[in-house]
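> take a look and give me a structure for this.
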Amino acid sequence: MAFLMIVIMIAGVAQLYLGYVGIEDWLGNGWALGALALAFFARIMLPLTVGTYLAMTNVYGYEWWIAAIVAAPGLLLIVPAMVTDIFSKVFNK
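Alright, predicted model coming up:
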């Protein structure tokens, strides 16, 4: 169990790093720091997930499908959180 937790933490840190590198390459350092701030303070991970895809394709030169596989864990966590948030706002009224 502890090994799995360590692997997930390493993958999360790698996603943060790749997201930063991708956004920094595309838009610059300020926007990349802003995306990190959004991730830590507002828990909005979509910009870093897009940045992960951009880092894999533009910076490291991998094919688009490899970049999609690397960015997919971020999307798999974002979509259920968004759906849950929408349902909680709709049904709480």
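> tell me the contacts of the residue nearest the centre of the chain?
In the chain, the C-alpha nearest the mean C-alpha coordinate belongs to T49, at 3.0 Å (CA atoms, centre = their mean). The contact partners of T49, by CB atoms under 8 Å, 6 or more residues apart in numbering, come to 15, 19, 71, 74-75, 78. Just so you know, the C-beta spots here come from the backbone N, C-alpha and C atoms, and that holds for glycine as well.
> of the residues you listed - the most surrounded one?
G19 (27 neighbours; other CB atoms under 10 Å).
> check what pLDDT that residue gets.
For G19, the model assigns a pLDDT of 95.
> what about it, distance to D25?
For G19, the distance to D25 (CB to CB, to the nearest Å) stands at 11 Å.
> likewise for A67?
13 Å.
> what's the mean pLDDT across the helix or strand where V90 lies?
Using DSSP states H and E, V90 maps to helix 64-91. Average pLDDT, helix 64-91: 83.
> quick check: buried residues in it?
Neighbour counts over helix 64-91 (16 or more other CB atoms under 10 Å) mark 67, 70-71, 73-74, 78 as buried.
> for stretch 10-26, same thing?
15-16, 18-24.
> ok, now stretch 48-61?
Residues of stretch 48-61 classed as buried: 48-57 (neighbour count, 16+ other CB under 10 Å).
> and the strand or helix carrying V13, what does it pack onto?
Using DSSP H and E, V13 maps to helix 2-26. The contact analysis (3 or more CB pairs under 8 Å, 6 or more residues apart in numbering; DSSP states H and E) places helix 2-26 against helix 29-37, helix 46-54, helix 64-91.
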